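> Fold the stuff below for me.
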Amino acid sequence: MSERIKQLLQRTPSEEIVKAEGWVRTKRDSKNVCFLEINDGSTLKGIQAVVDKAKFNNDDLLNNITTGASVVAEGMIVHSQGGAQDVELLVSALTLVGDCPQDYPLQKKRHTVEFLREKAHLRARTNLFGAVARVRNTMSYAIHTFFQENGFVYVHTPLITASDCEGAGEQFQVTTLDLENVPKTADGKVDYSKDFFGKMANLTVSGQLEGETYAMALKNIYTFGPTFRAENSNTTRHLAEFWMVEPEMAFCDIDGNMAVAEEFLKFIFKTVLDKNGEDMQFFDSFVQKGVIENLEHVISSPFVHMSYTDAVKILEKENDRFDFPVHWGCDLQSEHEKFLTEEIAKSPVIVTDYPKEIKAFYMKLNEDGKTVRGMDVLVPRLGEIIGGSEREYRLDVLLAKMKELGLRPEDYWWYLELRKYGSVPHSGFGLGFERAIQYVTGVGNIRDVIPYPRYVKSAEF
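Numbering: from 1, shown residues only. All right, here's what the predicted structure looks like:
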């Protein structure tokens, strides 16, 4: 496997012939020399390839090499004559692999992210999206590393499911029925017995419920895969298809859950700072000033713990400043979460013990009968980054909660049997991967931290 340009840039000058393969970012011509910046996506800045025109009799070759063309350049690594780089490639052989016509949309100028979303098949060639892709890769690797090194088992949960984990009903339906001629039952309803699965099926909103079943056998597991929400939200924070990280731990209460969540976040943030220094400097300079300092603060700060009730008491005193006034029983908005982290705690905050009415059916009921052992991890600048809970492991209490919410126990029979056969206290949490990437990079729109964003009225590419 040939060396990447990132490795070539770290070489010391020598007479060894090396090869640089990539795409031309820029081309500068003088009378005697042609300068090409070649980038292969391994690093923010490409390698400068210096072509002595006197050594290349084929004028057509250099004339046909334009921005966007793919090339293979061979030569020696030498000290750079300019100040923009330490070393450069003195070219002795040059091959044009794929030419690029003048209508190439990524010419040397600033492009808006809105324009680049329309060119999602090409946008990874820009500095911003190349850096996002590398950070996304590092964060993926760090997530697996954290769990694998701590004895968790990676479980693949289904993307097609007949149950709604969140109970919100915002799911994409999966069907093979002919939508032009939908079969109906005698009472006029859709006859799902004729469908592929013989019942209504949807794309999953979470792998948590299936993850719990494996935690009841393997103790500590995690899932990391795509999830889907048919939520008609046209915002900078919502996608219809996104990735979730969901660990689940048996014999673990909410305190253990919070400890793992804190350690986990600090690990992945530190890994990015350690491995993607150049990319993070780019984000800090051109995307979000102070993003590195912000991450370093999270890594070094003990997370503050407070109950939902205490948080509401603090926020109620400041209701005049909020667009959404706070009262006990309401859902906290991002403005409230940012206030708690940035102005009250001045550090990440974990809020616990939420009213049962605003949390999912599977969260463990507290002894007061009014609150559940849910927890949200809030970080400065973003707000909620992780949501989780201790799960309700008592069969009678879980059944009562499901009936109270109008959920049909027969639809969750297998989930309920976990509470029948060797039930144990267990906990878990979920991290929205794209929101975490937004936080790390400072990128303002979630559509720009996933290769091909899916949202309302958009399923291009």
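> Are we agreed that residue 106 is in a helix?
No: Residue 106 sits outside any helix when classified using DSSP: H, G, I helix; E, B strand; the rest coil, being coil.
> show me the residues around it that make contact.
67, 68, 119, 122, 123, 125, 126 (CB atoms under 8 Å, 6 or more residues apart in numbering). Where C-beta positions appear, they are placed from N, C-alpha and C, glycine not excepted.
> In contact with the fourth one: list those residues for me.
Meaning residue 122. Residues near residue 122 by CB under 8 Å, 6+ apart: 105, 106, 116.
> want to throw the residues you listed into JSON lines with pLDDT and distance to residue 375?
Shown next, in JSON lines, are these (pLDDT from 0 to 100; distance: CB to CB, whole Å):
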{"residue": "105", "pLDDT": "95", "distance to residue 375": "46"}
{"residue": "106", "pLDDT": "93", "distance to residue 375": "44"}
{"residue": "116", "pLDDT": "94", "distance to residue 375": "37"}
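> With distance to residue 206 as added columns, please give those in a markdown table.
Listed next are the contacts of residue 122 as a markdown table, based on distance: CB to CB, whole Å:
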| residue | distance to residue 206 |
| --- | --- |
| 105 | 38 |
| 106 | 37 |
| 116 | 30 |
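> what's the closest of those residues to residue 460?
Distance to residue 460 across those (CB to CB) is lowest for residue 116, with 12.8 Å.
> Ramachandran angles for the spatially closest residue to the closest one that is not a sequence neighbour?
Spatially, and ignoring its direct neighbours in sequence, residue 116 is nearest to residue 123 (4.2 Å; CB to CB, 6 or more residues apart in numbering). With angles defined as degrees, to the nearest 10, residue 123 sits at phi -70, psi -20.
> Distance check, residue 123 against residue 343.
Between residue 123 and residue 343 the computed distance is 36 Å (CB to CB, to the nearest Å).
> who are the neighbours in contact with the residue lying closest to residue 445 once chain neighbours are set aside?
What sits nearest to residue 445 in space, not counting adjacent residues and going by CB to CB, 6+ apart, is residue 236, at 4.5 Å. Residue 236 makes contacts with 444, 445, 446, 447, as judged by CB under 8 Å, 6+ apart.
> Of these, keep whichever come out buried.
446, 447 (16 or more other CB atoms under 10 Å).
> The helix or strand of the chain with the lowest mean pLDDT: how far from the chain's middle?
Every helix and strand in the chain was compared by mean pLDDT, DSSP states H and E; the lowest is helix 59-64, with a mean of 87. Relative to the centre of its chain, helix 59-64 is centred 42 Å away, using CA atoms, centre = their mean, to the nearest Å.
> How about stretch 106-126?
Put simply, stretch 106-126 sits 20 Å off its chain's centre (CA atoms, centre = their mean).
> Could you give the number of residues near residue 105?
For residue 105, the neighbour count with other CB atoms under 10 Å is 12.
> And for the one 3 residues further on?
Other residues within reach of residue 108, judged by other CB under 10 Å, total 10.
> ranges for the helices of the stretch 151-300 of the chain?
208-218, 254-275, 277-286, 291-300 (DSSP state H, counting those that start in this stretch).
> Now that we have the ones you listed, can you turn them into TSV and tack on mean neighbour count?
Below are these laid out as TSV (neighbours: other CB atoms under 10 Å):
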stretch	mean neighbour count
helix 208-218	20
helix 254-275	19
helix 277-286	16
helix 291-300	17
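> Format the ones you listed as TSV; extra columns: distance to residue 37 and mean pLDDT.
Converted to TSV, those look like this (distance: least, CB to CB, whole Å; pLDDT from 0 to 100):
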stretch	distance to residue 37	mean pLDDT
helix 208-218	46	97
helix 254-275	24	98
helix 277-286	15	98
helix 291-300	26	97
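> Can I get stretch 260-278 as PDB, trimmed to CA atoms?
C-alpha atoms of stretch 260-278 as PDB (Å, rounded to 0.1, in the frame of the first residue of the first chain):
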ATOM      1  CA  VAL A 260     -19.600   5.700  32.600                       C
ATOM      2  CA  ALA A 261     -21.200   8.500  30.600                       C
ATOM      3  CA  GLU A 262     -18.700  11.100  32.000                       C
ATOM      4  CA  GLU A 263     -15.700   8.900  31.400                       C
ATOM      5  CA  PHE A 264     -16.900   8.000  27.900                       C
ATOM      6  CA  LEU A 265     -17.300  11.600  26.800                       C
ATOM      7  CA  LYS A 266     -13.900  12.700  28.200                       C
ATOM      8  CA  PHE A 267     -12.200   9.700  26.400                       C
ATOM      9  CA  ILE A 268     -13.600  10.500  22.900                       C
ATOM     10  CA  PHE A 269     -13.000  14.200  23.300                       C
ATOM     11  CA  LYS A 270      -9.400  13.700  24.400                       C
ATOM     12  CA  THR A 271      -8.800  11.200  21.600                       C
ATOM     13  CA  VAL A 272      -9.800  13.700  19.000                       C
ATOM     14  CA  LEU A 273      -7.600  16.400  20.400                       C
ATOM     15  CA  ASP A 274      -4.700  14.000  20.500                       C
ATOM     16  CA  LYS A 275      -5.100  12.600  17.000                       C
ATOM     17  CA  ASN A 276      -6.600  15.400  15.000                       C
ATOM     18  CA  GLY A 277      -4.700  18.400  16.100                       C
ATOM     19  CA  GLU A 278      -4.400  20.000  12.700                       C
END
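> Can you tell me what sits against that stretch?
Counting by CB under 8 Å, 6+ apart, 43-45, 131, 134-135, 138-139, 141-143, 145-146, 247, 249, 252, 280, 292, 295-296, 298-299, 303, 348, 350, 375, 377, 379, 385-386, 388, 429, 431, 436, 440 sit against stretch 260-278.
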